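# here is the input, now give the coordinates:
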Amino acid sequence: MMLRYALQTIRARKAGFLGAFLALMCAAALITACGTLLDTGLRGTIRTERYAAAPVVVSADQYVHQTTVKHKKGKTKVKHKAKPVAERAWLSADLRATLARTPGVARVVPELTFLAQPLIPVGTGGRTAYGHAWDSAALTPYRLASGSAPKADGDLVIDDDLAARAHLRTGDRLTVQSTQSPRSYRITGIATPATAVRHQTSLFFSTAEAERLAAHPGQVTAFGVLPAKGADPEAVRQAVVRALHGTTAQVSTGDARGPVEFLDAATARTRLVSMGGAMGGTSLLVAVLVVVGTFALSVQQRHRELALLRAIAATPGQIRRLLGREALIIGAVAGSAGALLGLPLGGWLHSRFVALGAVPVTLQHTVSVFPPLAALAATLLGAWAAARIASRRIAGIRPAEALAEARTERTRPAWGRIAAGLLLLAGGVVLVVVLTSLRTEPASTPVTFLAVVVLSTSVALLGPLLVKAAALLLAGPLRLTGQGGRLATANLRGNATRMASVVTPLTLLIGMTCTVLFVQPTLGDAARTQAREGVTADWVVAAQGPGVPGEAARRLRGQHDTVTEVVRTTVRIGLDKYPAQGVTPTGLTRTWDPKVTAGSLRDLAPGTVAVSELAADQHHLKPGSTLKLTLGDGAPATLTVAAVYARGLGFGDLTFARDLVARHIDNPLASSVLVSTTRTQTQLATTLREFPGLRILSPAAADSLQADRQQANAEVNYLAMGLVLAFTAIAVVNTLAMSVAERVREFALLRLAGATRRQVLRVLRTEALSVLLLATALGSGIALAVLTAFSLGMTGRAAPTVTPLLYVGVVAIAALLALVSSALPGRAALRVPAVTVATAKE
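Next comes the predicted model:
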């Protein structure tokens, strides 16, 4: 009976339920899209290309492992955790003999993979270029389409894709920038892969030259194991596992070979899981807040109808069940539609992340039934919970009071609502305080957005009181605008709950948008300021390609010149990840000043390390302390702390001698070279004329280049949160339209009392601007508090970076949404003849 009545109610009040339907549909689409990203990170396929002809691949362990043993109440718990290393881990070449003796193995092919960038005008077509030894061509396999295999150190075989794009043929010469100085090679052959290779460019060198360029003597990237004819690949895999028992080598088959080949895709999985989880969690919190507000407004619009049901003996339980079933019906339809819309939305989001470089194209987008089902379940639960929350007061009204209660809005919010609002406000304040003590971006970012949502939720609960307070403050200024201002003030006071339902999404929109826009600039500008103040060199050498070769730095060194090469990497202390760099120790203090607070940079050597104050505080380090860590390629190192410095945000948390770092990273070329000299820019450029792609920049110009890179990185975060902001903007429009659409009878009575359409619209506009002013104050206050706490924790200064023009743009967009969303429904409501509305049955 109750289900049939719920269906009849929805059918009769389609327009009234449209707002809730749109809110739930957008929420489901958003959760589905974020869920597909999370699913891609967890289960996305990385298909192999180079190892297509090798059923079994043996590689080094790409993880740092940590095992903890806890004894509690007589029980022993063993926890094992693993985190990926930043660079490619290498494998001992001595394992080849062991693999060759394994039963069922016909051939073991060693693989070398290293940086090899062809210096051609057309580039590599978006593909990453790698160098290999020609012996490993059998792993794909590549076969010569023309020419011959490389034999001498100056010989080179290129793939057919590069040959076609650059119009190269055998006998031509090609300059390649690898791990050493650029070198010109003679193309002896062009190779064609037997299977499709779409995501990389392969350059094949002679074995001796490949070993020189790989710069890892006695080590290989991987081994490709080719089974004997007729041997079962699975049996061979098991035999290889047994043969390698006791070593750290990893054995991969099938799709597991892809992550061995494409390390960036394997690393992107973790990033995508984190990004999808953060976006999904924020989306869910925002969706719950918006949907609860929408349902509360919908129930308020039906107050008289529900009160009538109470007056004719409907029990509170029946009212709650009615609203709950209505919500479940709307949630099922809206959730299904939104989940289907979320699938292409997730695909588009993944493609944009690929275009921005946040996710490699080799990590394929995964589509499964789990994200839509999760979104549908979340939508149903959210709709039901929203309906239950919204129905609490109407269901508890006594039948004798129901009709009287329906005529006017309650003058004071329920004590439970006020208590919940104050509790959430306190929780938001606690989050802001906690944020001031968080000094790492992975820890502070989720707390930042959670604080915005929690504080916005407190605004939603305390909204009626805030609206009445605002009406009291604005009464004087609004009175000066005439009768329309007085009427707007009366509406704000008398319909505070309805107005509060509009304030909430506007507050969330302004607060969230300002936080998203200014978090990255706050962090980036602080880092750039530290870097700008710390670079004391006269010139900075930067590369348009993979980096500055060591030979170029050697050419720059003169009798009175100081040249500091800087290479970048990421290391782990335990499982904690830290950005790090390697620098040339000689004359370092002439080109670089990280603001040393303890110890001395003169003690920096291959056996020592300088650490930031953050790393020193977290691991209780000081000059002379011993630090155990894992370098970029997984190699362990034990070093002595030489110095502690303050500018860790601009220069990274650990600083090593360049020679130590260069042996353990994929790209040993310097990301930049700092030069302290009396020579001019032209003289330095003349010295480096043999090195294409190098630029001599002033420190200010290098800083501008870093700002451009910072902006490109920020675009990823803007895109990540853009969908949440778009959903919030839709909620603003939706709520405002619902709020205005219910006032048809009110507008008709004003018309009958002598007000013109223009006067009614002016009242509506005055109300919208008043609500906007309150939402702007609340949203800006929330964003400022959160951004200040974020800045204090991350940079040590309570000075967030806020671009005034951008802030004004955010408020202007919010104002446009508020005015348009109130004006259009208002004009539509005024088209109905006033007499018709006034005489219609309620």
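
# so Ala129 sits in a helix?
No: applying DSSP: H, G, I helix; E, B strand; the rest coil, one finds Ala129 to be strand, outside a helix.

# so what sits opposite it in the bridge?
Per DSSP bridges, the residues bridged to Ala129 are Thr201.

# pLDDT weak spots in the stretch 651-800 of the chain?
711-713, 741-742 (pLDDT under 70).

# do a quick rundown of the helices in it.
Under the criterion DSSP state H, counting those that start in this stretch, the stretch 651-800 of the chain carries helices at the ranges 658-662, 681-687, 699-741, 744-752, 757-795.

# who does the last one touch, helix- and strand-wise?
Which is helix 757-795. Counting contacts by 3 or more CB pairs under 8 Å, 6 or more residues apart in numbering; DSSP states H and E, helix 757-795 packs against helix 415-435, helix 441-479, helix 483-494, helix 496-534, helix 744-752, helix 804-830. For glycine as for every other residue, the C-beta is placed from the backbone atoms N, C-alpha and C.

# also the shortest one?
Of the remaining helices and strands, those touching helix 658-662 by 3+ CB pairs under 8 Å, 6+ apart are strand 562-573, strand 576-583.

# other residues contacting the last one?
With CB atoms under 8 Å, 6 or more residues apart in numbering as the test, strand 576-583 has contacts from 83, 86, 564-572, 592, 604, 615, 618, 632, 651-662.

# quick one: that strand to helix 441-479, angle?
Counting by axes from the mean of the first three to the mean of the last three CA atoms, to 10 degrees, strand 576-583 lies at 100 degrees to helix 441-479.

# pull out the buried positions in strand 576-583.
Neighbour-count burial for strand 576-583 flags Lys577, Tyr578, Pro579, Ala580, Gln581, Gly582, Val583 (criterion: 16 or more other CB atoms under 10 Å).

# how about stretch 360-374?
So for stretch 360-374, counting by 16+ other CB under 10 Å, buried means Pro360, Val361, Thr362, Leu363, His365, Thr366, Val367, Phe370, Pro371, Pro372, Ala374.

# just the element for the fifth one, please.
Here His365, judged by DSSP states H and E, is contained in no helix and no strand.

# got the contact list for it?
His365 touches Thr36, Thr40, Gly44, Gly346, Gly347, His350, Ser351, counting by CB under 8 Å, 6+ apart.

# returning to that earlier point: between the helices and strands packed on helix 658-662, which one is nearest to Val732?
strand 576-583 (38.5 Å; CB to CB).

# give me the sheet partners of the closest one and which way each runs.
strand 562-573 (antiparallel), strand 654-657 (parallel).

# for those, which one ends up most surrounded?
Most buried of the strands paired with strand 576-583 by mean neighbour count (mean count of other CB atoms under 10 Å) is strand 654-657; its value is a mean of 26.

# would you mind measuring from the residue most central in space within the chain to Thr445?
In the chain, the residue lying closest to the centroid (CA atoms, centre = their mean) is Met275, at 4.4 Å. The gap separating Met275 from Thr445 is 10 Å, by CB to CB, to the nearest Å.

# name the nearest residue to Leu772, sequence neighbours excluded.
Of all residues beyond its chain neighbours, the one nearest Leu772 is Ala818 (4.8 Å), with distances taken as CB to CB, 6 or more residues apart in numbering.

# show me what contacts that neighbour?
Taking CB under 8 Å, 6+ apart, one finds Val502, Leu506, Val732, Leu736, Ala768, Leu769, Val771, Leu772 in contact with Ala818.

# and what of Pro121?
Contacts of Pro121 by CB under 8 Å, 6+ apart: none found.

# brilliant, that's me finished.
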